[in-house]
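1. generate a structure from the sequence data that follows.
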Amino acid sequence: MLLPLVAVQTLSLTQPVQADDHNHPSRLTYRRGVPFIFGPVDKNMIGLFEQVKSGSVVVVSSPGGNTEAARLVAEVIEKKNLQIGVLGVCASACAEYILPSASKIYIEPHSFVIVHLNEIAFSTVAQEHGIRQDKLCLGVESKWLSALYERRGLSISFAKDQLVRLGGVTGFEPGYNGRCYSPVVYTKYDSWAPNSKQLKRDWGLTFEGGLCSDSKICIKSELRRNFLPGAKLVIGDDKDFTVVP
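-> Sure, this is the predicted structure:
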């Protein structure tokens, strides 16, 4: 069993989350008493998680969003000892902030966890270029995210794996009137959807369930449902997935 029984029963009552559903503000619904939070990671989502009873399993589907809002959402999840179930897609800030902050993670096997470049990746590459951390044009999220990964036993080097797979940082240039440096980013692909083995072995993420990226049959059937047309992806170890209309 993946999610607790009541959540599993509830999934049959829930329409699959389409890619264009994520254009709407985040929203909270209850199905048979199970909280479902769908939509982008935004300031509205902070209040939604605040409404959920401590210790609950919250089912999420999100394309990601604002990193400042993601940090505040993650703080609420940690404070309330919430468990997270993924239904559909958990991408970008959802994958990099919300999942690591959960006390336990369940992933339905037709779902995707999607990552791309984040503050830790930029910070790691900056060190290789001899740029001090205090000279980077990054917000407080970089230090906070690194501390979260350390608390959860997650590998910082996983961020560099993302750079290698997606294209990467070609250098740094002065930003904010020369007071700090911003990364110059080149990516051949938009996002990477790791498989279960990569998330567990390379990142150290612990979860129950599986991922759509574990199965070529699932990828073929679910790709257009969860990604917008034109998106260029790396899925597992395979490159050159382009979502067609």
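2. just give the nearest non-adjacent residue to residue 152, would you?
-> residue 100 (5.0 Å; C-beta to C-beta, 6 or more residues apart in numbering). For every residue, glycine as well, the C-beta is placed using N, CA and C.
3. from what I see, the one you found and residue 77 are in contact.
-> No - between residue 100 and residue 77 there is no contact under C-beta atoms under 8 Å: 9.4 Å.
4. so what sits against both of the two?
-> Counting by C-beta atoms under 8 Å, 6 or more residues apart in numbering, no residue touches both residue 100 and residue 77.
5. in the chain, which spans are helices?
-> Counting by DSSP state H, the chain has these helices, from start to end: 5-11, 43-51, 67-79, 93, 99-101, 119-128, 141-152, 157-166, 196-197, 216-226.
6. most packed of those?
-> helix 93 (a mean of 27; mean count of other C-beta atoms under 10 Å).
7. quick one, grab the pLDDT at the residue most central in space within the chain.
-> Centroid-nearest residue in the chain: residue 95, 1.6 Å away (criterion: C-alpha atoms, centre = their mean). On the pLDDT scale, residue 95 is placed at 96.
8. that one contacts residue 116, doesn't it?
-> No - counting by C-beta under 8 Å, residue 95 stays clear of residue 116, with 9.1 Å between them.
9. poorly predicted segments of the protein, please.
-> Scanning the chain with the threshold set as pLDDT under 70 gives 1-23, 139, 168-170, 176-177, 239-245.
10. grab the longest strand from it for me.
-> strand 83-91 (DSSP state E).
11. and that strand, which strands flank it?
-> Sheet pairing here is set by DSSP bridges, and for strand 83-91 it gives strand 57-62 (parallel), strand 105-107 (parallel), strand 112-114 (parallel).
12. tell me how far the longest one lies from the chain's centre.
-> Shown here is strand 57-62, whose average C-alpha point lies 12 Å from the average C-alpha point of the whole chain (C-alpha atoms, centre = their mean, to the nearest Å).
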